[in-house]
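Asks: mind looking at a prediction? Sequence and model below.
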Amino acid sequence: MIVLYSLLSGLRDLGHTVFLDEPENDVALPEIQPWLVELGDICGDELPQAILISHHPELTDYLGPECGKWIERDALGPARVRNMPAKIDKDLIPRHYGEKK
């Protein structure tokens, strides 16, 4: 969490884009939720844009509908980018998300 908040603090007003792959890894969703809110608040003003890659359904549900893009690729085909679907096929969500331990 220190690194994620440091990125937001250190890159404000510098004109840089933030690229993060799976920022919720090794962090509980309740811990990262306030960071996502802050990212949403500064993105576009103090931070030109942020690109987050995630498979976590709660993260895509939070950020996806407003500004998310869906990237898919057929086997051996080109990657295609489109707007987030209104409903995500449950078969696409990894089984370990939402399972109780």
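Replies: Structure's in. What do you need? Numbering: from 1, shown residues only.
Asks: C-alpha only now, for contacts and for neighbours.
Replies: OK.
Asks: what does Ala79 show for phi and psi?
Replies: Taking degrees, to the nearest 10, you get phi -80, psi 140 for the backbone angles of Ala79.
Asks: what's around it, how many residues?
Replies: 10 (other CA atoms under 10 Å).
Asks: who does it form a beta bridge with?
Replies: Arg73 (DSSP bridges).
Asks: return the residues in contact with it.
Replies: By CA atoms under 8 Å, 6 or more residues apart in numbering, Ala79 lies in contact with Ile71, Glu72, Arg73.
Asks: what is the subsequent helix or strand relative to the helix ranked longest in the chain?
Replies: Longest helix of the chain, by residue count under DSSP state H: helix 29-42. Sequence-wise, the next helix or strand downstream of helix 29-42 (DSSP states H and E) is strand 49-53.
Asks: which elements pack onto that following strand?
Replies: Here strand 49-53 touches strand 17-21, going by 3 or more CA pairs under 8 Å, 6 or more residues apart in numbering; DSSP states H and E.
Asks: tabulate the CA atom coordinates of the strand it packs on in PDB.
Replies: C-alpha atoms of strand 17-21 as PDB (Å, rounded to 0.1, in the frame of the first residue of the first chain):
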ATOM      1  CA  THR A  17       0.500   8.000 -17.000                       C
ATOM      2  CA  VAL A  18       0.400   5.200 -14.500                       C
ATOM      3  CA  PHE A  19       0.400   1.600 -15.700                       C
ATOM      4  CA  LEU A  20      -0.300  -1.100 -13.100                       C
ATOM      5  CA  ASP A  21      -0.800  -4.800 -13.600                       C
END
